[in-house]
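Enquirer: sequence and computational prediction follow.
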Amino acid sequence: MGYIELDVLDSGPRRILIGIDLGTTNSLAALWEDDRPVILRQEGGSGLLPSVINFPSAGPPLVGRQARAQAVVDPQHTIFSVKRLLGRGLSDLKDELRSLPYELSENENGVLQIEMRGQTYTAPELSALILRAVCHQACEAHGNAEIASAVITVPAYFDDAQRQATRDAARLADIEVLRIVNEPTAASLAYGLDQKDASTVAIYDLGGGTFDVSILSIEDGVFRVLATNGDTRLGGDDFDRELIELIRKDLAEQISAEDLADPAFLQAARLAAEKCKIALSSDPRHEIHLSLPDLDLNWRKRVTREEFEQCIAPLVERTLDCCRRALADAGVQPADLDEVVLVGGSTRVPLVRARTEEFFGRAPHTELNPDEVVALGAAAQAQVLMGGTRDILLMDVTPLSLGLETVGGAVSKLIERNSTIPCSVTEGFTTYADGQSGIDFNIVQGEREMAADCRSLGRFKLTGLPPMSAGMARVAVCFHIDADGLLTVTAKEETSGVRAEIEVSPRHGLSEEDMEVMLQAGFDNASADFDRRQVADLKAEIGTMLLAVQKNQAAADEHLDPESREDLAEAVERASLASQGDDLDEIRSARDQFEQASLPLAAVLMDRVVKDAVQGKSLDEV
Amino acid sequence: MSACPDCGAALQTPLVCEGCGALQATGERPSPFEVLGLKRGWNVDRDELGRQLLRLTRLTHPDFHGVHGVQARDLAERNTALLNSAYATLDDDVLRAEWLLADLGAPSPDQERQMPQAFLMEVLEWNEVLEKVRSGGAGEDAGDRLESLRTELLAQRASSLDQLGRRLQASDPGDPQTLRRELNAVRYLDRTLSELGELVLEQAATQSD
């Protein structure tokens, strides 16, 4: 049979196409397999990779669980919630800055930078580290496959700068992006809400750092977003922050203001707050315990669910305001909805469940794991994009209006919010002075009337206009939003045919030059860095195992059968040899062999432990 | 009606051949009626419009052309954008009226800003109600006041549009300037309704605080 032969001939790693949920708190990947999406997880693992990065004093950055473990020990070099920094500038982050244990700065182009161990990193670079680690984990979970390309999800309410920054992160991580999909839309796919009859659905997605609500109409495989709304700075992190404030207020009399701003204290408070929040989802009360010997602090406080709910109630109400706006834009009443779906880890909070149920007037769907559902949907969309099926079609919208600043500082809207994408709009502009040779354009995104109140995405200039009287030039400016929700702008003077050489220099975004430099620089080595990290971990593991065998050599000689003894000796030799080199595959395979060969010895030792314990004791004492 | 260069089938829309699925290169601004394969006119069957959008999007959407190379994907982007904009134009009464007016050579809103005389008196009354609610002068009545104003505005909008639509559907739509003024009135009503909507949301938000 042909395909079996092909399998044999194709000895290279399998190339897979995955969906990635790049989250504020956790990131994970899923794959389409046997007609359904599955989360890629290492054996026994959850598949969730904490979106945390730590920069150790030497060696490559740590990502995930290892990085998270460093949070209290090394707070100044541990970065959480990078997603909230994507496409943002310092002025956007005033609230966050106070509780960050490290310094942020801006370069001359308004690009946010974090300095770590003498090197500066932008948010896309940091996100790229997380993306690489997610891919690495996904590949390992799938028998060392290779990632061909990926669908990456973003909050529906991400603006253009935030989407561009996400795309830049993927490029820096050397991942080919098949499509950028909105998180709530992906979730709707995963939920399999597609029934024969047309239905109207609300997806309420409250994650670690962002909130989205999307209203969809689903009919015969077409998932059509009618309206979306949200807040890209509202999520579980903010619930934590409310608890941190509670802790700080309580401690204000006991410890100095200086200590209250201490990075170690902040990280410890952060983690304690998060733990408390999670516990209060199932328990009516929880005791926060902070133990920081350096600050001579050993402090306990009992928090009830009621107290917690009082803290976060205003935040939950803010999400409902977004829901009202989304429903109004969609022209839908809560009673018209057929289904409501809760997505995102923060929807585990009982108050969120209660208030959404009350608001929408129906019990929401919560069957699927709210942490996984977005990645699952992304994998389903990847399957569509690789030509696997035409049965499913996503029709998404752009969340915010786009326009140009006019002479008086007002906004001339070209694309209204909730327009179905892809979409193009062309509008005519003209000159206001005689002989004017160029026109400056300021591209803005947002719902406010004045350009100054909207977000400026960038500026460009149409130059080389031939001399004409004021108002005679006919400049056609075209905005195109593609299926990824990304904007491109072109301009042309129609009487002379002058085409704008537009280079939109994005505010708070990386220019093409920046990207080139970063791609050239050390990031090429990130994958190698990751391998080096693994080699180091495996060597340490082998070292521990060698020690254990040495310590118990006598027992081995005495109790093991000759065959097992020989296997063990051989495995020890191979492992010692392998750990002198740097070949990841060899080291990993030697470790596996060592582990297998040491099982009989482990059994002997276990046996002895039990015997020792039992010796000299009567049966009923055991 | 032109034919598909690939399979020869008659094209029902300039975007794509429904026979063989080949995407077509179109002129810069095709008529939205042509794009959606519908008869030009004010009266549009909404159900048919929706069905046409979904049916054609299934053929043009870039999701289904990514594997066919960059050129195919770019054409898919462009044609789907044309489809979406045609749909948005025809689905919205005001935009559809605007397109038909422009096609009839009527003046643009910048060239002719007037509204029908009878309409202006009512505008003053409506503004009074909005101002009163905004300044807090309506007290607890605010919600009811806004609701009854909304009902009145919607009724006025429906009757204005109905009148305009009947003209546009007629074989002789009449004086383009009159059409423009009538459409200006509808646009004014829409602005007032959206202000009113914002006000209702503000009220709801302050109440839930």
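Expert: Yep, that arrived. These figures come from a predicted structure and were not determined experimentally.
Enquirer: I'd like the next helix or strand past the strand or helix carrying B:Asp144.
Expert: With secondary structure defined by DSSP states H and E, B:Asp144 is part of helix B:142-169. Along the chain past helix B:142-169, the next helix or strand (assigned with DSSP H and E) turns out to be helix B:176-208.
Enquirer: returning to what we had before: the inter-axis angle of the helix holding B:Asp144 versus helix B:176-208?
Expert: When axes from the mean of the first three to the mean of the last three C-alpha atoms, to 10 degrees is applied, the directions of helix B:142-169 and helix B:176-208 differ by 160 degrees.
Enquirer: below-threshold pLDDT in chain B: ranges please.
Expert: Counting by pLDDT under 70, the low-confidence segments of chain B come to B:1, B:207-209.
Enquirer: middle-most residue in it, spatially?
Expert: B:Asp92 (2.2 Å; C-alpha atoms, centre = their mean).
Enquirer: okay, that one and chain A: tell me how far apart.
Expert: Between B:Asp92 and chain A the distance is 10 Å, computed by C-beta to the nearest C-beta, to the nearest Å. Where you see a C-beta, it was placed from the backbone N, CA and C, and this is true even at glycine.
Enquirer: quick check: the gap between A:Gly438 and chain B.
Expert: When distance is defined by C-beta to the nearest C-beta, A:Gly438 is 24 Å away from chain B.
Enquirer: dihedrals phi and psi, the nearest residue to that residue once chain neighbours are set aside?
Expert: The spatial neighbour of A:Gly438 that comes closest, neighbours along the chain excluded (C-beta to C-beta, 6 or more residues apart in numbering or on different chains), is A:Thr463 at 4.2 Å. Recorded main-chain torsions at A:Thr463 are phi -120, psi 170, according to degrees, to the nearest 10.
Enquirer: what about A:Thr463, neighbour count?
Expert: Applying the criterion other C-beta atoms under 10 Å in any protein chain shown, we find 12 residues in the vicinity of A:Thr463.
Enquirer: can you tell me how far the residue nearest to the centre of chain B is from A:Gly47?
Expert: Plainly put, B:Asp92 is 44 Å away from A:Gly47 if you go by C-beta to C-beta, to the nearest Å.
Enquirer: what do you get for B:Leu56?
Expert: The separation that B:Leu56 has from A:Gly47, given C-beta to C-beta, amounts to 39 Å.
Enquirer: next, count neighbours for residue 164.
Expert: Just so you know, I chose chain A. In terms of burial, A:Gln164 registers 26 neighbours under the definition other C-beta under 10 Å.
Enquirer: not what I meant, chain B
Expert: If we define neighbours as other C-beta under 10 Å, then B:Leu164 has 24 of them.
Enquirer: surely it meets B:Ala97?
Expert: Yes - between B:Leu164 and B:Ala97 there is a contact at 6.1 Å, judged by C-beta atoms under 8 Å.
Enquirer: helix or strand for A:Pro237, which one?
Expert: Careful, residue A:237 is Asp; it's not Pro. Here A:Asp237 is covered by helix A:236-251, with elements defined by DSSP H and E.
Enquirer: contacts for that helix?
Expert: Contacts to helix A:236-251, defined as C-beta atoms under 8 Å, 6 or more residues apart in numbering or on different chains, come from residues A:24-25, A:81, A:84, A:99, A:206-209, A:260, A:266, A:269-270, A:272-274, A:276-277, A:288, A:290, A:297, A:299, A:301, A:303, A:307-308, A:311-312, A:315, A:344-346, A:349.
Enquirer: repeat that with 7 Å
Expert: Applying C-beta atoms under 7 Å, 6 or more residues apart in numbering or on different chains, the set of residues contacting helix A:236-251 from outside is A:24-25, A:81, A:99, A:207-209, A:260, A:269-270, A:273-274, A:276-277, A:288, A:299, A:301, A:308, A:311-312, A:315, A:345-346, A:349.
Enquirer: among the residues you listed, which lie within strands?
Expert: Within these, residues falling in strands by DSSP state E are A:Ile288, A:Trp299, A:Lys301.
Enquirer: gap between the last one and chain B?
Expert: Summarising the geometry, the distance separating A:Lys301 from chain B, computed by C-beta to the nearest C-beta, is 28 Å.
Enquirer: likewise A:Glu103?
Expert: In this view, A:Glu103 and chain B are 36 Å apart by C-beta to the nearest C-beta.
Enquirer: what's the burial count for that residue?
Expert: 11.
Enquirer: up against chain B, what does the stretch 101-250 of chain A have?
Expert: Proximity of the stretch 101-250 of chain A to chain B (C-beta under 7 Å from any C-beta of the partner chain) is limited to residues A:Val222.
Enquirer: can you map out the helices along the stretch 101-250 of chain A?
Expert: Residue ranges of the helices in the stretch 101-250 of chain A, as given by DSSP state H, counting those that start in this stretch, are A:123-141, A:160-172, A:183-190, A:236-251.
Enquirer: go through those helices and name the closest to B:Phe119.
Expert: Among the helices of the stretch 101-250 of chain A, helix A:160-172 comes nearest to B:Phe119, with 39.4 Å by C-beta to C-beta.
Enquirer: hmm, who's touching the closest one?
Expert: With contact meaning C-beta under 7 Å, 6+ apart, helix A:160-172 is reached by A:22, A:86-87, A:123-125, A:127-128, A:131, A:152, A:154, A:177, A:180, A:232, A:445, A:455, A:457, A:485-487, A:506-510, A:515, A:518-519, A:523.
Enquirer: how much space separates A:Arg498 from A:Ser346?
Expert: You called it Arg, but residue A:498 is Val. A:Val498 sits 51 Å away from A:Ser346 when distances are taken as C-beta to C-beta.
Enquirer: can you tell me the SS state at A:Arg41?
Expert: Three-state secondary structure (criterion: DSSP: H, G, I helix; E, B strand; the rest coil) places A:Arg41 in coil.
Enquirer: if I pick it, what's in contact with it?
Expert: Taking C-beta under 7 Å, 6+ apart, we find A:Arg41 in contact with A:Gly47, A:Ala141.
Enquirer: tell me the pLDDT of it.
Expert: On pLDDT, A:Arg41 comes in at 90.
Enquirer: try the one 3 residues further on
Expert: The predicted local distance difference test score for A:Gly44 is 77.
Enquirer: likewise for A:Ile203?
Expert: pLDDT, the model's per-residue confidence, is 97 for A:Ile203.
Enquirer: spatially nearest residue to it, not counting backbone neighbours?
Expert: Counting by C-beta to C-beta, 6+ apart, the nearest residue to A:Ile203 once its immediate chain neighbours are dropped is A:Pro184, at 3.8 Å.
Enquirer: and the contacts of helix A:236-251, which of them are buried?
Expert: Among those, those that count as buried by neighbour count (16 or more other C-beta atoms under 10 Å in any protein chain shown) are A:24-25, A:81, A:99, A:207-209, A:260, A:269-270, A:273-274, A:276-277, A:288, A:299, A:308, A:311-312, A:315, A:345-346, A:349.
Enquirer: coming back round to it: tally of neighbours for the residue nearest to A:Ile203?
Expert: When neighbours are counted by other C-beta under 10 Å, A:Pro184 registers 31.
Enquirer: can you give me the buried ones in stretch B:180-187?
Expert: Of the residues in stretch B:180-187, those with enough neighbours to count as buried (16+ other C-beta under 10 Å) are B:Arg180, B:Arg181, B:Glu182, B:Leu183, B:Asn184, B:Ala185, B:Val186.
Enquirer: and the fifth one, what does it touch?
Expert: Translated: B:Asn184. Contacts for B:Asn184 were tallied using C-beta under 7 Å, 6+ apart; they are B:Pro109, B:Arg113, B:Gln114, B:Met115.
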